[in-house]
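# Predicted model, plus sequence, below.
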Amino acid sequence: MPSALAHRIESDDPGFSAPPIRSRPVRRIRDDAEALAVARDVAADLAREAARRDRERILPYDELERVSDAGLLAITVPKIYGGAGVKAGTVARVIALLAGADGSIGQIPQNHFFMLEALRLQGTEAQKRFFYDRVLAGERIFNALSERGTKTAQDHNTRLTRTSDGFRLNGTKFYSTGVLFAHWIAVVANNDEGISTLAFVPRETAGITVVDDWTGFGQRTTGSGTTHLADVPVHPFSVIPFKALFEVPTSMGPFAQIMHAAIEQGIAEAALAQAIHFVRHHTRPWKDSGLDRAADDPYVVSAIGEMKIRTEASGALLNRAGLSVDTATDEPTADTVAAASIAVAEAKVASTETALFVASKLIELAGSSATLQEHGLDRFWRNARTHTVHDPIRWKYRFIGDYWLNGINPPRHGAI
């Protein structure tokens, strides 16, 4: 490992070392209510410059520090390790609040929380103590999971090879959400036996090259570029099983997916709020209406009503899904995990369709002036459309139907 990795810690292997721990002051959130209150305050700050960041593609380095300093990235650390150990529904609502303020920032923590859940389920006590302490100090764990050029986005050519002094990582990852802002990069790779494995590597480790080459028309500032791994040294202490997370029933899959549903829910809620504001204060009435205000047009009023109903409905499904994920977390069985996966899939379908519908209606109701770049109202649809293609809801419809019609449980993986 590089000479900079000088901070010695207690671990399963005294040869493990790590970079100096993040030294900025971090708020220690105590419970669900505090997490939500802090998230609302942070979201209000993030929203102020969100349109400009999107328009000019300003990467949110300072904003991620704000999220870290507020303690929001440590809310899933279990209470016995010093965290708040919040419920799944609280995690979803925090992400929805952040996504409503800035869709890109709302997406960035998803894989961070995903990795903390992997540690909870598969990490040793020493690994949990170490990484949870790091996260409580405001450090961020972002991902290098998906690859280009494989049969599916879930297949991996990246290899973790055992050597005489540990392991070495070699491969290339794309869609590395948040990696530009990471203290640690969590890399999924196949080991010498071809088994999917997860390695936590300090961002500045020799052999890691991160390229800011994400050119998506939405979610423009997620930092989802390419990560090159060239003979990257990995200490055994930093390695945990990945495939094992889904070999037995765990809450891993539905927990991962409820955060994706929350991103869409947050975008939908923010787009609805923008539509109401713009119609009230800027939109002119249509000449045939004979009205003085667009807000009195019965067709506009009706459309806002439909947007509100759809948004409230998808939000209710998200809340219900959170309760199911909590049940699967507390009592992980084939039945509870399947029920949670289906509840989350229903919420994900609803939030996807609602976000796309409301974000499109926003432009329609606001009128021609709403398309001006200065308003940045197009970002809601672009962000929703870009994020919603992470996993196809057509397959969720199929799994939902099979579950309710034929009693067939969905597969166990991170996309259902």
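Perfect, I can see it now. Residues are numbered from 1 along each chain as shown.
# which residue lies farthest from the center of this protein?
In the chain, counting by C-alpha atoms, centre = their mean, Gly290 sits farthest out from the average C-alpha position, at 46.5 Å.
# Roughly how far does that residue sit from Val325?
Noted for Gly290: a distance of 51 Å to Val325, by C-beta to C-beta, to the nearest Å. Where you see a C-beta, it was placed from the backbone N, CA and C, and this is true even at glycine.
# Next: Gly305.
Distance, Gly305 to Val325, using C-beta to C-beta: 31 Å.
# Who has more neighbours out of the two?
Val325 (28 against 10; other C-beta atoms under 10 Å).
# Give me the distance between that one and Gly225.
Here the distance between Val325 and Gly225 works out to 30 Å (C-beta to C-beta).
# Enumerate the positions of stretch 245-260 that are buried.
For stretch 245-260, a neighbour-count test (16 or more other C-beta atoms under 10 Å) marks 245-246, 249-260 as buried.
# which intervals of the stretch 151-300 of the chain have sub-threshold pLDDT?
153-154 (pLDDT under 70).
# Please parse the chain into its domains.
As recorded under automatic domain parsing, the domains making up the chain are 7-140, 159-242, 248-406.
# Save the ones you listed as a markdown table, and put in distance to Arg412 too.
Listed next are these as a markdown table, based on distance: least, C-beta to C-beta, whole Å:
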| stretch | distance to Arg412 |
| --- | --- |
| domain 7-140 | 12 |
| domain 159-242 | 13 |
| domain 248-406 | 6 |
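# So which of these is nearest Glu147?
Among the domains of the chain, domain 159-242 comes nearest to Glu147, with 5.7 Å by C-beta to C-beta.
# if we can go back for a sec, among the buried residues of stretch 245-260, which one sits closest to Ala268?
Closest to Ala268, out of all of the buried residues of stretch 245-260 and judged by C-beta to C-beta, is His260, at 13.3 Å.
# where along this protein do the strands fall?
For the chain, the strands defined by DSSP state E cover 7-8, 17-18, 141-144, 159-163, 166-176, 184-190, 196-202, 208-211, 225-234, 239-241.
# Provide the strand pairings for the fifth one, with the direction of each partner.
According to DSSP bridges, the neighbouring strands of strand 166-176, each with its direction, are strand 159-163 (antiparallel), strand 225-234 (antiparallel).
# Mind putting these into TSV with mean neighbour count and distance to Arg52?
Output for the strands paired with strand 166-176, formatted as TSV (neighbours: other C-beta atoms under 10 Å; distance: least, C-beta to C-beta, whole Å):
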stretch	mean neighbour count	distance to Arg52
strand 159-163	16	41
strand 225-234	20	21
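# Among the ones you listed, which comes closest to Pro20?
Nearest of those (C-beta to C-beta): strand 225-234, 18.2 Å.
# Please list the members of the buried residues of stretch 245-260 that lie in helices.
With DSSP state H as the criterion, helices contain 252-260 from among the buried residues of stretch 245-260.
# who touches Leu98 in this structure?
Leu98 sits next to 39, 42-43, 46, 67, 72, 105-106, 109, 266 when contact means C-beta atoms under 8 Å, 6 or more residues apart in numbering.
# re the thing from before, farthest pair within the buried residues of stretch 245-260?
Pro249 and His260 (20.2 Å).
# per-residue pLDDT, the residue nearest in space to the middle of the chain?
By C-alpha atoms, centre = their mean, the chain has its centre lying nearest to Gln110, at 2.1 Å. If you check Gln110, the pLDDT there is 96.
# isn't it right up against Tyr175?
No: Gln110 sits out of contact with Tyr175 when judged by C-beta atoms under 8 Å, with a separation of 12.0 Å.
# Now do the buried residues in stretch 389-406.
Neighbour counts using 16+ other C-beta under 10 Å place 390-391, 393, 396, 399-400, 403 of stretch 389-406 among the buried residues.
# residues in contact with it?
Residues outside stretch 389-406 that contact it (C-beta under 8 Å, 6+ apart): 257, 260, 338, 341-342, 345-346, 348-349, 352-353, 408-411, 415-416.
# how about the helices in the stretch 301-416 of the chain?
In the stretch 301-416 of the chain, the helices defined using DSSP state H, counting those that start in this stretch lie at 334-366, 378-388, 393-406.
# Over to the stretch 1-150 of the chain?
Going by DSSP H, counting those that start in this stretch, the stretch 1-150 of the chain shows helices at 32-47, 50-56, 61-69, 88-101, 103-107, 109-122, 125-136.
# and the first one with helix 88-101, angle?
Same thing as helix 32-47. 10 degrees (axes from the mean of the first three to the mean of the last three C-alpha atoms, to 10 degrees).
# which of the residues in helix 32-47 are buried?
Buried-residue list, helix 32-47, by 16+ other C-beta under 10 Å: 32, 34-36, 38-39, 42-43, 46-47.
# Could you work out the most separated pair of these?
Maximum distance among these (C-beta to C-beta): 22.4 Å, for Asp32 and Ala47.
# so who does the residue nearest to Phe278 when sequence neighbours are not counted touch?
Closest residue in space to Phe278, ignoring its immediate chain neighbours: Ala366 at 4.2 Å, by C-beta to C-beta, 6 or more residues apart in numbering. Contact partners of Ala366, counting by C-beta under 8 Å, 6+ apart, are 274-275, 278-279, 282-283, 377.
# repeat for Ala43
97-98, 100-101.
# From Ala37, how far off is it?
From Ala43 to Ala37 the distance is 11 Å (C-beta to C-beta).
# for Ile276, same thing?
24 Å.
# Now tabulate the contacts of Ala43 in CSV and tack on distance to Gly216.
Listed next are the contacts of Ala43 as CSV, based on distance: C-beta to C-beta, whole Å:
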residue, distance to Gly216
Leu97, 23
Leu98, 19
Gly100, 19
Ala101, 19
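# Pick out whichever of these sits closest to Phe181.
Phe181 lies nearest to Leu98 out of those, by C-beta to C-beta, at 13.7 Å.
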